[in-house]
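In: just a sequence and a predicted model for now, questions to come.
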Amino acid sequence: MIVHVSGVSDCNYATHDVVAGDSIFTGYIINSGLAFFFTPLRLLELGYWNVVQPVNSPISEKDRKLNKFISCTDT
């Protein structure tokens, strides 16, 4: 599983991170294999988000309309 996390500050994107999820149903060896397989995908996705929504860029209108970030609903 790949998890994308965003953070905001003053209605600007402050952070982006793409982290590996943890499967509780598989063992350590399988999780390690999955992490090895998905790491390039996570790095590609992180690069994509840093191009599309660079740090310190304003929150997109789409995210504001979806009320994705509660601190910026009034702008």
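Out: Great, that's in hand.
In: hang on, H16 is in a strand, isn't it?
Out: Yes. Counting by DSSP: H, G, I helix; E, B strand; the rest coil, H16 is part of a strand.
In: what sits closest to the spatially most central residue of the chain if chain neighbours are left out?
Out: The centroid of the chain falls nearest to H4 when counting by C-alpha atoms, centre = their mean (2.4 Å). Distance criterion C-beta to C-beta, 6 or more residues apart in numbering; nearest residue to H4, sequence neighbours excluded, is V18 at 5.3 Å. C-beta coordinates here come from the backbone N, C-alpha and C atoms, glycine included.
In: I'd say the one you found and G47 touch.
Out: No. Under the criterion of C-beta atoms under 8 Å, V18 is not in contact with G47, lying 9.3 Å apart.
In: can you tell me the SS state at N56?
Out: coil.
In: could you check the pLDDT of it?
Out: pLDDT recorded at N56 is 89.
In: how about it, nearest residue that isn't a chain neighbour?
Out: N12 (5.2 Å).
In: sorry, back to before: more neighbours: which of V18 and G47?
Out: V18 (19 against 12; other C-beta atoms under 10 Å).
In: what is the mean pLDDT for stretch 4-20?
Out: 82.
In: pull out the buried positions in it.
Out: For stretch 4-20, the neighbour count (16 or more other C-beta atoms under 10 Å) marks 8, 13, 16, 18 as buried.
In: return the member of those residues nearest to I30.
Out: V18 (20.5 Å; C-beta to C-beta).
In: tell me the contacts of that closest one?
Out: By C-beta atoms under 8 Å, 6 or more residues apart in numbering, the contact list for V18 reads 2-5, 42-43, 45-46, 49.
In: repeat that for P54.
Out: Going by C-beta under 8 Å, 6+ apart, the list of residues near P54 reads Y13.
In: mind checking how far it is from A35?
Out: According to C-beta to C-beta, to the nearest Å, P54 stands 27 Å off from A35.
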